[in-house]
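Trainee: How does the following fold in three dimensions:
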Amino acid sequence: MDIEEILARHFGDAVAACAIVLEHSRMVANKAVRIARSLGDPSLDLRFIEEAALLHDIGVCRTNSPGIGCPGTAPYILHGIIGREILEAEGLPRHALVCERHIGVGLTIEDIRNQELPLPLRDMVPLSREERIVCYADLFYSKKGDALRRAKDPHEIRKGLRRHGEHRVAVFEEWFLEFGA
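Mentor: Next up is the predicted model:
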């Protein structure tokens, strides 16, 4: 599978945005694979973890994200849903679920209702261990300017999640115990 080709095809003329998403995704993939290897669990699919981490933000290509050069029309919160649609069309249904389920620590129907998010009313939380690893690794990296190449520390992550509710911090704490820093 040529992940860079898939990304480039969907980002089209938004070359700078594609480069930012790819760099972000490579850092997420490297961390996710390191975490998976450190767990010593032979049932984990390392290739899938790497591929899914590299593709998890493909849906950004259709969002209105001028800060990274995406001229799309969709709100950024939809990038997980859009990514799922793209990867299902690419014949990658398992990877598609990672796209949909990676936002924050995942979104529940209750989260969507309470925050009045423009998302389908369904739980979109990582279920498999591979999905949780990618989602967890993603929390450490931003796509924003000078923060792109710097990993966040756990305190920063907790602070960011706290804005959306203590229940999100609790999920992060569970993952932190399971996967480490």
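Trainee: biggest helix in the protein, by residue count?
Mentor: Counting by DSSP state H, the longest helix found in the chain is helix 15-39.
Trainee: between the helix or strand following that helix and helix 15-39, how big is the angle?
Mentor: Sequence-wise, the next helix or strand downstream of helix 15-39 (DSSP states H and E) is helix 46-55. Angle, helix 46-55 to helix 15-39, by axes from the mean of the first three to the mean of the last three Cα atoms, to 10 degrees: 150 degrees.
Trainee: Average pLDDT for whatever helix or strand comes next after helix 46-55, rounded please.
Mentor: Where DSSP H and E defines the elements, the next helix or strand beyond helix 46-55 is strand 64-65. Throughout strand 64-65, pLDDT has a mean value of 94.
Trainee: Give me the contacts around strand 64-65.
Mentor: 17, 70, 71, 72, 73, 74, 75, 76 (Cβ atoms under 8 Å, 6 or more residues apart in numbering). Just so you know, the C-beta spots here come from the backbone N, C-alpha and C atoms, and that holds for glycine as well.
Trainee: one step back: which positions in the longest helix of the chain come out as buried?
Mentor: Using 16 or more other Cβ atoms under 10 Å as the test for burial, helix 15-39 gives 17-18, 20-22, 24-25, 27-29, 31-33, 35-36.
Trainee: wait, which of those is closest to residue 58?
Mentor: residue 21 (7.5 Å; Cβ to Cβ).
Trainee: Please verify my assumption that the closest one contacts residue 8.
Mentor: No - under the criterion of Cβ atoms under 8 Å, residue 21 is not in contact with residue 8, lying 10.6 Å apart.
Trainee: Contact partners for the closest residue to residue 35 other than its chain neighbours?
Mentor: The spatially closest residue to residue 35, leaving aside those adjacent along the chain, is residue 179, at 4.9 Å (Cβ to Cβ, 6 or more residues apart in numbering). By Cβ under 8 Å, 6+ apart, residue 179 lies in contact with 35, 39, 132, 133, 136.
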